[in-house]
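Participant: sequence and predicted structure, then a few things I'm wondering about:
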Amino acid sequence: MPIKIPYHLPAREILEKENIFIMDEGRAAQQDIRPLNILILNLMPEKEKTERQLLRLLGNTPLQVNINFLKTASYESKNTSSYHLEEFYQTFEQVKEKKYDGMIITGAPIELLDFENVEYWEELTQILSWTDQNVTSTLHICWGAQAALYFHYGIGKYELPKKCSGVYMHHVLDRKAKLLRGFDDVFKAPHSRNTDVSIDELMKNKDLKLLASSEEAGPLIISSADGKRIMITGHLEYEGSTLAEEYARDRAKGISIHMPEYYFPKDNPVETPLNSWRSHAHLFFSNWLNYYVYQETPYVWD
């Protein structure tokens, strides 16, 4: 089944070339099926790139998915055109009376700031509170995961001695978790962050389940006991070239940063990196949509 997105969204042309099944509003309206309504709060600077990454994964399931994009009203993006934001994004005030089957809250390159010092923190806390009664399951990514752990569970973050950047091996810790159905016992996932959360604090919290972790990169996938909140500290949605682009960007800015680990062939940044996490990325998003959204959401919201 397809993913339904606005006809003129720039990501559409790229996804169609990749044979991702998408449709416009007219064709979707002719299908007698209850689509899932997914809201994406996109906090990343390069919003069009993040749209493409997420839509690629959401569009590879047997479910029809309607997508709405959300932007912050208290902070204006400097890296995305105002036309794009006005055309494809809404604010919280415009959606807060609605119900959504699922929601995704992305990361943001602000992790070294205290949460309370983030310009849109107050607005984000309103959204996080709102999800409790208005969203069936919310998926939080990277900084978005840390923000959810801090706001909902009081678990803070701490700065790492060096940036966690690379593609790391992870172990499945709960084979019974529906989110990890079909996963290999070990799998790879990219990370790109300067902060982390304590495994000990996660394990002590009875309302949380640590589902997958890495000896080098730390906790990866965390779930609330009821599955309403999923937190992933890495970036399964990343394309194969994303870490290389970030590395080149930081070096161009004069930032002292190490090469992403276990990423470039022969540790040579001239070599084209291979995407070694794609299959688990698709499986992760498919499991979330099926078991935590589609199977749990009401057919008609009250």
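Facilitator: Nice, I can see it.
Participant: three-state assignment of Ser223?
Facilitator: Three-state call for Ser223 (DSSP: H, G, I helix; E, B strand; the rest coil): strand.
Participant: ok, it to Arg175 distance?
Facilitator: 14 Å (CB to CB, to the nearest Å). From N, CA and C alone the C-beta is placed, and that goes for glycine too.
Participant: please apply the same query to Gln53.
Facilitator: Distance of Gln53 to Arg175, given as CB to CB: 28 Å.
Participant: same deal with Ile105?
Facilitator: Separation of Ile105 from Arg175 (CB to CB) stands at 27 Å.
Participant: tell me which of those two has more neighbours.
Facilitator: Ile105 (27 against 10; other CB atoms under 10 Å).
Participant: quick one, what contacts that one?
Facilitator: 41, 43, 127-128, 138-141, 144, 147-148 (CB atoms under 8 Å, 6 or more residues apart in numbering).
Participant: residues contacting the nearest residue to Thr72 once chain neighbours are set aside?
Facilitator: Take Thr72 and drop its neighbours on the chain: the residue closest to it by CB to CB, 6 or more residues apart in numbering is Tyr120, 4.2 Å away. Contacts for Tyr120 (CB under 8 Å, 6+ apart) come out as 72, 74-75.
Participant: likewise for Ile199?
Facilitator: Per CB under 8 Å, 6+ apart, neighbours of Ile199: 210, 213, 218-219.
Participant: Asp207 and Ser224 touch, don't they?
Facilitator: Yes - using CB atoms under 8 Å, Asp207 is in contact with Ser224, at 6.1 Å.
Participant: ok, now how distant is Cys164 from Gly107?
Facilitator: In this view, Cys164 and Gly107 are 13 Å apart by CB to CB.
Participant: give me the common contacts of the two.
Facilitator: Joint contacts of Cys164 and Gly107 (CB under 8 Å, 6+ apart) are Arg193.
Participant: run the chain-centre distance for the strand ranked longest in the chain.
Facilitator: Across the chain, the strand with the greatest residue count (assigned by DSSP state E) is strand 158-172. Strand 158-172 sits 17 Å away from the centroid of its parent chain (CA atoms, centre = their mean, to the nearest Å).
Participant: repeat that for stretch 229-237.
Facilitator: Mean-position distance between stretch 229-237 and its chain equals 5 Å (CA atoms, centre = their mean).
Participant: endpoints of it, how far apart?
Facilitator: Using CA to CA, to the nearest Å, the end-to-end distance of stretch 229-237 comes out at 18 Å.
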